[in-house]
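Asker: no sequence on hand, only this structure:
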C-alpha cells in the first residue's frame with residue numbers, strides 16, 4: 001500500500017521523529033513531503049494531491065485553527081490529522097469539529113498509533129467524500145423533482161423540503177424546516193385540512209400509507225388541487241424512520257374532469273330536451289291538425305248544403321288552428337336560437353303605451369272575450385328603444401298564460417309604469433297559481449307546473465320570456481300562490497343597447 005503524506009511541521013526535531021517512525025512501519029510504503037510554512041503547504045497542495053496531511057497548528061506564518069481552515073479551503077477532500085501538544089487537546093477537539101479527521105498528541109506518538117491514525121483518517125475522509133457525493137446526488141434528484149416533496153420525522157416535523165415546493169409556496173427553507181407540516185401557510189389556514197394531516201401523520205407513523213386530494217394555496221394566491229401522499233420509510237425491524245410527503249399538481253386533470261362531467265350533463269340535458277320536444281310536438285300539433293282535418297272534411301262534403309254562417313264558423317276554426325301551429329313553430333324556432341345562442345337583439349323606437357294597448361286588443365280577440373284584460377298606464381313619456389318582436393313574445397306569453405290559467409269571466413290586469421329611465425310591466429291574474437316547489441324551475445325549457453292538469457301548453461313560453469328579458473338587460477320577478485294567482489313583474493331599461 002502506497003500512501004503519500006504532506007508533513008507541515010516547523011520543528012525539525014519533530015519532523016525527523018515522525019519520518020523515523022514511518023520508516024520502521026511494516027506493510028506500508030510512504031512518500032513523505034515535509035514543509036515548515038503554511039504558504040509552502042498551500043503551494044504543495046495546489047501542485048499535487050496527497051492522501052493525508054499531518055498538520056502542526058503553530059507555524060511561523062500561521063497559528064491556531066486558522067491554519068486548518070486555510071488548508072481545508074485549498075484541499076477540502078484531503079484527510080487531515082492535527083498534531084498538538086499536551087496542553088492543546090481542546091483545540092484538537094475543535095479541529096475535528098472543523099473538518100480534521102483525527103488528532104494526535106506530540107510526545108505520545110508511536111509507530112503503531114501513527115500508522116493507525118493515518119489509515120483511519122484516510123478511510124474517514126473517503127467515507128465523508130462518498131457521503132458528500134451521495135448527498136449531492138440526493139439533493140440534485142430531490143430538488144429537480146416536479147413534485148412538491150418534503151421529508152418528515154414520524155411526528156410530522158419537516159426535515160427537508162425540495163426547491164419545487166419552496167418555489168410553489170414562495171418560501172425559504174428556514175420558514176418550513178423544523179416546523180410541523182400542518183402549520184405551513186400553503187394549507188390556507190384550513191382547520192379541517194390541519195386536523196386531517198395530523199390524523200394522517202399519526203397513521204403514517206404507524207406504517208400506514210396515506211393518500212388524498214387536497215387544495216394548496218400558491219404564492220400568487222391561486223388554489224391548486226394536488227394528489228397528496230404520505231409514505232412511511234422503515235428500517236429492517238419495521239420501525240418508521242421518516243415520512244416522505246409528496247404533492248403532485250392535478251389541477252389540469254380536475255378541470256378536464258369537470259369539463260367532461262359538464263359536457264356529459266349537457267348531453268344528457270339535450271337528450272332529455274329532445275325527448276320532451278318530440279312528445280310536446282306530437283301532442284300540441286295533433287289537436288290543431290285534427291281541427292283542420294275535421295273542418296276541411298266537413299266543408300268539402302257539406303259546404304253546398306250549409307248556410308254561410310256555418311261555413312264561416314269552420315273557416316274560423318281552421319284559421320285559429322293554423323294560427324296556433326304558426327305560434328308554436330315560432331316558439332320552437334326561438335328556443336332553437338336560444339339554445340344555439342344565435343337569438344339576436346335588435347332594438348327599435350317604440351311607444352310602450354301604444355304597444356301595450358295593441359297587445360291587449362290582440363290578446364282579447366284571441367281569448368274570444370272569455371276574460372277581461374284591464375290595462376293601466378302611469379308615469380311620463382314611454383318612448384323606448386326595445387326589440388319589438390322579443391317584447392311581443394315576452395308580454396304576449398305572459399298575458400296568454402295569465403288568460404289560459406285563469407277562470408272564465410275573471411279579470412287579468414296589465415300595468416305599465418315608466419319612470420327613472422325604466423319601464424315596469426306587471427301582469428296579474430287570479431288563476432291557479434304556481435306551486436312553491438315549481439317556482440325555481442318554471443323558467444326552464446319544457447317545464448310545466450304540477451297543477452296544470454289537462455290545460456294544454458308547451459313549456460316554452462316562460463323560457464322565451466326569461467331570455468328576452470336578459471337580452472334587454474332587465475329583471476324578471478315572479479310572485480305566486482297556488483290557487484290564488486300569479487304576478488309577473490318585468491323591469492326593462494327604456495333605452496336598450498344592441499347586444500347578442
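Answerer: Arrived safely, thanks for sending. Since we're looking at a predicted model, the values are computed, not measured.

Asker: can you tell me the SS state at residue 399?
Answerer: With DSSP: H, G, I helix; E, B strand; the rest coil as the basis, residue 399 sits in helix.

Asker: quick one: what helix or strand has residue 82 in it?
Answerer: Using DSSP states H and E, residue 82 sits within strand 79-84.

Asker: hmm, who's touching that strand?
Answerer: For strand 79-84, the external contacting residues (Cβ atoms under 8 Å, 6 or more residues apart in numbering) are 9, 14, 51-57, 68, 71-72, 91-92, 95-96, 99-106, 117-118, 121-122, 124-126. (Glycine included, C-beta is placed from N, CA and C.)

Asker: next helix or strand past it?
Answerer: helix 89-97.

Asker: for whichever helix or strand comes after that next one, the averaged confidence score.
Answerer: Remark: after helix 89-97, the chain's next helix or strand is strand 102-105, criterion DSSP H and E. Averaged over strand 102-105, pLDDT sits at 86.

Asker: how about residues contacting strand 102-105?
Answerer: Here strand 102-105 has contacts from 81-86, 89, 92-93, 95-96, 113-114, 117, 120-121, 124, using Cβ under 8 Å, 6+ apart.

Asker: please apply the same query to stretch 223-241.
Answerer: Here stretch 223-241 has contacts from 148, 152, 154, 168, 188, 200-201, 204-218, 242-251, 254, using Cβ under 8 Å, 6+ apart.

Asker: if you count neighbours, what's buried in stretch 46-58?
Answerer: By 16 or more other Cβ atoms under 10 Å, the buried positions in stretch 46-58 come out as 50, 51, 52, 53, 54, 55, 56, 57, 58.

Asker: remind me which residues of this protein are low pLDDT?
Answerer: Applying pLDDT under 70 to the chain flags the ranges 1, 86-87, 138, 140-143, 145, 188-190, 269-284, 339, 498-500.

Asker: all the helices of it, residue numbers only.
Answerer: 12-23, 38-47, 65-74, 89-97, 111-144, 163-169, 173-176, 191-204, 251-302, 308-340, 352-366, 388-404, 461-471 (DSSP state H).

Asker: got a markdown table for those, with distance to residue 182 too?
Answerer: Putting these into a markdown table (distance: least, Cβ to Cβ, whole Å) gives the following:
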| stretch | distance to residue 182 |
| --- | --- |
| helix 12-23 | 58 |
| helix 38-47 | 50 |
| helix 65-74 | 41 |
| helix 89-97 | 35 |
| helix 111-144 | 22 |
| helix 163-169 | 14 |
| helix 173-176 | 12 |
| helix 191-204 | 4 |
| helix 251-302 | 22 |
| helix 308-340 | 49 |
| helix 352-366 | 63 |
| helix 388-404 | 56 |
| helix 461-471 | 47 |
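
Asker: residue 417 is nearest to which of those?
Answerer: Nearest to residue 417, of all these, is helix 352-366, at 10.0 Å by Cβ to Cβ.

Asker: from the chain's centre, how far out does the closest one sit?
Answerer: 52 Å (Cα atoms, centre = their mean, to the nearest Å).

Asker: can you pull the buried residues of it?
Answerer: For helix 352-366, by 16+ other Cβ under 10 Å, it's 352, 353, 355, 356, 359, 360, 363, 364, 366.

Asker: does the fourth one really touch residue 373, like I thought?
Answerer: This means residue 356. No - using Cβ atoms under 8 Å, residue 356 is not in contact with residue 373; the gap is 10.2 Å.

Asker: so what sits against both of these two?
Answerer: Joint contacts of residue 356 and residue 373 (Cβ under 8 Å, 6+ apart) are residue 414.

Asker: from the geometric centre of this protein, which residue sits farthest away?
Answerer: Most distant residue from the mean C-alpha position of the chain: residue 305, 77.8 Å away (Cα atoms, centre = their mean).

Asker: ok, that one to residue 299 distance?
Answerer: When distance is defined by Cβ to Cβ, to the nearest Å, residue 305 is 11 Å away from residue 299.

Asker: likewise for residue 210?
Answerer: To residue 299, residue 210 is 82 Å away according to Cβ to Cβ.

Asker: the more surrounded of those two?
Answerer: residue 210 (19 against 16; other Cβ atoms under 10 Å).

Asker: partners of the more buried one in the sheet?
Answerer: On the basis of DSSP bridges, residue 210 is bridged to residue 230.

Asker: enumerate every residue touching it.
Answerer: Contact analysis of residue 210 by Cβ under 8 Å, 6+ apart lists 200, 203, 204, 229, 230.

Asker: if you set the cut-off to 10 Å instead, what comes out?
Answerer: When contacts are counted by Cβ atoms under 10 Å, 6 or more residues apart in numbering, residue 210 is found next to 196-197, 199-204, 228-232, 243, 245.

Asker: tell me how many other residues crowd residue 302.
Answerer: 12.

Asker: show me what contacts it?
Answerer: The contact partners of residue 302, taken as Cβ under 10 Å, 6+ apart, are 310, 311, 314.

Asker: do the same with residue 425
Answerer: Applying Cβ under 10 Å, 6+ apart, the residues near residue 425 are 352, 356, 391, 394-395, 398-399, 414-417, 469, 474, 476, 488-492.

Asker: partners of it in the sheet?
Answerer: residue 416, residue 490.

Asker: follow-up on the earlier one: quick one: strands adjacent to the strand holding residue 82?
Answerer: Each strand paired with strand 79-84, and its direction, by DSSP bridges: strand 52-56 (parallel), strand 102-105 (parallel).

Asker: of all these, which lies closest to residue 35?
Answerer: Nearest to residue 35, of all these, is strand 52-56, at 10.1 Å by Cβ to Cβ.

Asker: tell me how this protein divides into domains.
Answerer: The chain breaks down into these domains under automatic domain parsing: 2-141, 145-249, 255-340, 348-493.

Asker: now the end-to-end length of the last one.
Answerer: The one in question is domain 348-493. Start and end residues of domain 348-493 are separated by 13 Å (Cα to Cα, to the nearest Å).

Asker: what lies in contact with stretch 362-373?
Answerer: 320, 323-324, 327, 359-361, 375, 392, 395-396, 399-400, 402-404, 406-414, 427, 429, 431.

Asker: please tell me I have it right and residue 220 contacts residue 170.
Answerer: Yes - look at residue 220 against residue 170 with Cβ atoms under 10 Å: they come within range, at 7.9 Å.

Asker: higher neighbour count, the two?
Answerer: Higher neighbour count among residue 220 and residue 170: residue 170, with 12 against 7, using other Cβ under 10 Å.
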